[in-house]
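Colleague: Make a model of this:
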Amino acid sequence: MAGSYRMCMCFTRKFKVTKAGPPHDVNEAFFKYTDGGTHMSAEQLRRFLVEVQGDGGVSTADAEKIVDQVLQKMHHIAKFTRRTLTLDDFHHYLFSADLNPPIGDQVHQDMTKPLSHYFIYTGHNSYLTGNQLSSDCSDVPIIKALKRGVRVIELDIWPNSTKDNVDVLHGRTLTAPVELIRCLKSIKEYAFSSSPYPVIITLEDHLTPDLQVKVAQMITETFGGMLYCPECECLEEFPSPEELKYRIIISTKPPKEYLKAEGGKDKGNKSRKDKDSDDDTWGKEPLDLVSDQEDGDVSDTDTSEDSDGESQQPGVSAYKRLIAIHAGKPKGGLKEALKVDPNKVRRLSLSEQALEKASENHGTDVIRFTQRNLLRVYPKGTRITSSNYNPFVGWAHGAQMVAFNMQGYGKHLWVMQGMFKANGGCGYVKKPDFLLSNEVFDPSVRLPVKKILKVTIYMGEGWDLDFRRTHFDMYSPPDFFVKVGIAGVPADKAMHKTKAIEDDWLPVWNEKFEFKLTVPELAVLRITVLEYDTSGQHDFGGQTCLPISELRTGIRAIPLHDRRGDKYKNTKLLVQFELN
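Modeller: Below is the predicted model of the structure:
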């Protein structure tokens with residue numbers, strides 16, 4: 001493939017994109033399994049897949065199907081007389097992201113345990129299109145999140161300007177509202193577009209009792225039989241994702257708690273204003289580090305068992321009946337909030353910095369709480385640009401709902417997207433057994449090395465097809481290098497990089513890296529391709545994150561993604577994984 005760059009406006013530099021041949025390891029494998037021959041049979045391919053790729057269940061029929069797919073893709077002939085692969089065909093197969101991906105695409109974990117046994121793909125302020133202060137509110141980001149597999153959607157609900165209907169917006173900011181009914185209808189339409197497992201709607205409720213009644217009617221009419229409404233007021237144990245397939249679940253604080261909180265809100269928030277240096281720009285973070293409403297809360301008692309006052313609010317009971325997962329904050333601060341009630345389960349929310357403090361002082365209590373109950377972690381209020389935080393503090397303490405700004409692109413969101421590629425991308429990932437054991441895991445203790453991951457970065461291709469010729473450099477082909485590392489518990493974090501390959505759209509690195517992992521169950525492999533710039537401001541050339549627990553060993557094709565997490569059409573790497 002030919003191309004050119006104009007140099008100094010007076011002459012043109014011509015170049016040719018020459019496809020690189022197979023790396024040494026691919027050549028060796030081909031000749032080993034063909035006994036030095038020029039063609040690989042389906043049976044020889046099967047042996048390679050079992051012995052090198054670790055695909056133990058592959059039959060000769062499976063291998064024959066792969067051979068047919070490769071031949072049709074390579075040679076565009078529906079009926080092919082030859083049923084063997086050449087070296088080029090074999091290399092093409094290994095470098096094909098759809099035929100030879102790095103992880104599987106099927107749900108394979110046990111989905112019959114309570115919800116509290118799973119990490120759940122969770123959004124924060126799911127309706128915002130941009131920053132936390134002045135962006136528009138819309139159902140579009142909600143639809144995008146659901147299509148990506150996000151299973152928890154957060155809606156902040158407020159009275160509209162005329163106080164006769166309900167809007168979704170980020171309160172006490174300049175965000176432009178969107179009608180609640182529009183969001184609900186979009187959730188209904190797209191909830192199960194990528195996964196059959198339940199969608200949880202967390203409501204941050206700022207409504208009067210009459211509007212709560214209106215919301216109950218909206219939710220009931222919109223979702224109908226899709227709604228999960230338990231028979232008892234408080235669940236003793238959460239149902240499983242399997243039981244809740246294709247169901248919508250509402251989670252918020254029961255209405256009387258909110259009314260009591262409102263009654264003391266001015267007094268409570270005033271006392272905190274000068275004490276909490278981490279106050280949200282639009283509200284307050286509670287002094288006792290426990291909150292179920294991000295824009296301010298007081299130390300109210302969980303009064304869901306108390307029937308006093310319900311008769312004074314006719315119709316509110318209909319709203320309360322829709323709440324399957326109760327959010328609540330007992331009086332007495334963090335230690336009290338983390339107590340496990342053997343007779344009922346609930347949801348608790350902590351800001352990211354509240355969780356950090358809780359993990360330092362009450363780490364095992366947090367984990368014990370999350371074995372039965374749900375813990376939601378949300379970004380601190382100073383993240384006005386919709387940035388995100390390190391999710392591993394939450395995951396290592398069993399927090400199921402580590403809530404992220406899905407529009408806040410960056411390395412933390414890439415890691416989140418990578419973690420939830422696990423288990424077929426269904427939005428529910430089973431927590432490791434050590435987070436559910438009677439002997440409570442202590443994340444502060446450094447553990448011995450459990451696994452060693454070896455990653456060989458062979459080569460890459462596709463940038464010349466997915467990017468403009470002058471995207472990286474006006475006057476020459478790009479100089480790509482790869483950063484490869486681990487995101488995980490502190491002991492496992494690491495980052496290495498290859499050398500930069502100068503002036504080449506089809507770089508070949510052939511570099512090997514080793515990572516020692518103490519908690520591989522929570523580790524995510526990070527791969528980022530950058531184009532070298534002498535200024536140090538390297539251009540972005542693609543990224544992917546992959547859960548270590550799901551990696552398929554052997555030589556694999558790794559599709560790369562853009563900053564948003566959308567997969568490029570052609571850009572990919574050829575990589576080998578060894579896990580011992």
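Colleague: And the strands in the stretch 401-550 of the chain, which stretches?
Modeller: If DSSP state E, counting those that start in this stretch is used as the criterion, the strands of the stretch 401-550 of the chain fall at 401-404, 428-430, 451-461, 480-487, 494-497, 508-517, 524-531, 539-547.
Colleague: Correction: the previous question concerned the stretch 251-400 of the chain.
Modeller: Going by DSSP E, counting those that start in this stretch, the stretch 251-400 of the chain shows strands at 323-326, 347-351, 374-378.
Colleague: circling back to that earlier point, would you mind finding the most buried of the strands of the stretch 401-550 of the chain?
Modeller: strand 401-404 (a mean of 28; mean count of other C-beta atoms under 10 Å). For every residue, glycine as well, the C-beta is placed using N, CA and C.
Colleague: just to revisit the earlier point, of the strands of the stretch 251-400 of the chain, give the one that comes closest to Phe90.
Modeller: strand 374-378 (46.2 Å; C-beta to C-beta).
Colleague: ok, and what's touching that closest one?
Modeller: Under the contact criterion C-beta atoms under 8 Å, 6 or more residues apart in numbering, strand 374-378 has outside partners 115-116, 122, 124, 152, 202, 238, 294, 325, 345-352, 355, 366, 369, 393-394, 397-403.
Colleague: now swap in stretch 490-507 and tell me
Modeller: By C-beta under 8 Å, 6+ apart, stretch 490-507 touches 15, 17-20, 446-447, 457, 459-461, 463-464, 476-487, 508-509, 511, 513, 515-520, 523, 526, 532.
Colleague: now do stretch 67-82
Modeller: 39, 42, 45, 83-85, 88-89, 92-93, 96, 99.
Colleague: where's the dip in pLDDT among those residues?
Modeller: In terms of pLDDT, Arg83 ranks lowest among the contacts of stretch 67-82, with 89.
Colleague: Was I right to think that one contacts Ala63?
Modeller: No. Counting by C-beta atoms under 8 Å, Arg83 stays clear of Ala63, with 10.3 Å between them.
Colleague: And these two? Which one has more around it.
Modeller: Ala63 (23 against 12; other C-beta atoms under 10 Å).
Colleague: mind listing what that one touches?
Modeller: Ala63 neighbours (C-beta under 8 Å, 6+ apart): 42-43, 45-46, 49.
Colleague: mind running it again at 10 Å?
Modeller: Residues near Ala63 by C-beta atoms under 10 Å, 6 or more residues apart in numbering: 40-50, 55, 85.
Colleague: In three-state terms, label it for me.
Modeller: helix (DSSP: H, G, I helix; E, B strand; the rest coil).
Colleague: Now do the longest strand along the chain against strand 451-461, angle only.
Modeller: In the chain, with assignment by DSSP state E, the single longest strand is strand 567-579. Angle of strand 567-579 versus strand 451-461, following axes from the mean of the first three to the mean of the last three C-alpha atoms, to 10 degrees, is 140 degrees.
Colleague: Give me the below-cutoff pLDDT ranges for the chain.
Modeller: Scanning the chain with the threshold set as pLDDT under 70 gives 1-17, 77-80, 257-314, 330.
Colleague: separation between Leu579 and Lys451?
Modeller: Counting by C-beta to C-beta, to the nearest Å, the gap from Leu579 to Lys451 is 6 Å.
Colleague: Now the common contact residues for the two.
Modeller: The contact lists of Leu579 and Lys451 share 515, 517, 520, 548-549, where a contact means C-beta under 10 Å, 6+ apart.
Colleague: re earlier: identify the contacts common to Arg83 and Ala63.
Modeller: 41-42.
Colleague: hey, where'd the strands end up in the stretch 101-250 of the chain?
Modeller: 118-120, 122-123, 152-159, 166-168, 178-179, 199-205, 248-252.
Colleague: winner for burial among these?
Modeller: Here the criterion is mean neighbour count by mean count of other C-beta under 10 Å, and of those the winner is strand 122-123, at a mean of 28.
Colleague: quick one: contacts of that one?
Modeller: Applying C-beta under 10 Å, 6+ apart, the set of residues contacting strand 122-123 is 141-142, 144-146, 148, 150-155, 200, 202, 376-378, 391, 394, 399-407, 416, 420, 427.
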